[in-house]
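Chemist: sequence isn't available, so here's the structure alone:
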C-alpha cells in the first residue's frame with residue numbers, strides 16, 4: 001500500500017551504527033565488534049534512562065558517554081582511539097540501498113523524513129555525508145521535545161508538523177522497540193530486520209517485516 005508519507009529512523013535503519021568502529025578495525029583489534037555492540041547498547045540505554053528520569057541530555061553527549069564506558073569495558077581497545085571513533089560517527093556509512101529507495105519513494109509523490117534520537121548537528125552531518133539532503137523533506141530530532149523514543153510526543157512531531165493522521169504515515173525502523181512505540185502511536189510500521197533478530201513486543205506487531213528497505217518499492 002502506498003502512503004502519503006514515509007518516515008525513517010536514522011541510526012541502524014539508514015545509517016550503519018557499526019561503521020565507525022569498522023573504519024578503525026585494524027587499530028582496535030579482535031574485540032572491535034564487541035566494542036561496537038557495547039557502545040550502541042549503552043547509547044540506547046542512556047536515552048531510555050534519561051527519559052524516564054526526566055533529565056534530558058542530547059544524543060551526542062550520550063554517544064560520547066557510551067563510548068567512554070565501552071572503552072573501559074573492553075580493555076584491549078586503545079582509549080586513545082576515542083577521538084577517531086567519535087569523528088567517524090559524524091559520517092557513518094548509509095546502507096547501500098538507501099539512496100535509490102528514497103529517490104524512488106520521493107518520485108512517487110510521497111513526503112520523506114527522518115525521525116531520530118540524534119541531535120540536529122549529528123543528523124545534519126550524517127544526511128549531508130550520505131547526500132540525502134536533497135531528497136528528504138524534513139529531519140525531525142527529539143531535541144525539539146527533549147524526550148527520547150519511545151515517548152509518544154516524539155512520534156507526534158511528525159503528524160503535528162505535517163497535519164496528517166498517524167495512519168497516513170509509514171514508519172520504518174530497524175529497532176524493534178522503536179517499531180513497538182510507533183505502532184502504539186498509530187503509525188503503519190515496517191520493521192527493517194537487517195540482522196534476522198527474533199520478534200518481541202508481540203502485542204505491538206509491525207505491519208510488515210523486511211530484511212532491507214528495498215521491499216518498500218513493491219508498494220510504489
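Modeler: Nice, I can see it. For clarity, every value in this text was computed on a predicted model and none was experimentally measured.
Chemist: can you give me the strands for this structure?
Modeler: Remark: strands assigned in the chain by DSSP state E are 5-8, 111-116, 138-141, 169-173, 188-192, 208-210.
Chemist: save the ones you listed as TSV, and put in mean neighbour count too.
Modeler: (Glycine included, C-beta is placed from N, CA and C.) Shown next, in TSV, are those (neighbours: other CB atoms under 10 Å):
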stretch	mean neighbour count
strand 5-8	25
strand 111-116	23
strand 138-141	20
strand 169-173	27
strand 188-192	24
strand 208-210	16
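Chemist: in JSON lines: those, plus distance to residue 156 and mean pLDDT.
Modeler: Listed next are those as JSON lines, based on distance: least, CB to CB, whole Å; pLDDT from 0 to 100:
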{"stretch": "strand 5-8", "distance to residue 156": "12", "mean pLDDT": "97"}
{"stretch": "strand 111-116", "distance to residue 156": "10", "mean pLDDT": "98"}
{"stretch": "strand 138-141", "distance to residue 156": "10", "mean pLDDT": "98"}
{"stretch": "strand 169-173", "distance to residue 156": "11", "mean pLDDT": "98"}
{"stretch": "strand 188-192", "distance to residue 156": "15", "mean pLDDT": "98"}
{"stretch": "strand 208-210", "distance to residue 156": "22", "mean pLDDT": "97"}
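Chemist: with adjacent residues omitted, what lies nearest to residue 45?
Modeler: Excluding its sequence neighbours, the residue lying closest to residue 45 (CB to CB, 6 or more residues apart in numbering) is residue 66, at 8.0 Å.
Chemist: in TSV: the strands of the chain, plus distance to residue 58.
Modeler: Output for the strands of the chain, formatted as TSV (distance: least, CB to CB, whole Å):
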stretch	distance to residue 58
strand 5-8	20
strand 111-116	12
strand 138-141	9
strand 169-173	20
strand 188-192	25
strand 208-210	30
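Chemist: of all the ones you listed, which one is nearest residue 18?
Modeler: strand 188-192 (15.1 Å; CB to CB).
Chemist: adjacent strands (with direction) for the closest one?
Modeler: Strands that pair with strand 188-192, judged by DSSP bridges, come out as strand 169-173 (parallel), strand 208-210 (parallel).
Chemist: contacts made by stretch 50-61 with the rest, please.
Modeler: 43, 46-47, 62, 116-119, 121-122, 142-143, 146-148, 151 (CB atoms under 8 Å, 6 or more residues apart in numbering).
Chemist: picking up where we left off before, residue 184: which of the strands paired with strand 188-192 is closest?
Modeler: For residue 184, the closest of those is strand 169-173, at 11.4 Å, according to CB to CB.
Chemist: how far away from the center of its chain is the lengthiest helix in the chain?
Modeler: Criterion DSSP state H: the longest helix present in the chain is helix 32-53. Using CA atoms, centre = their mean, to the nearest Å, the mean C-alpha position of helix 32-53 is found 13 Å from that of the whole chain.
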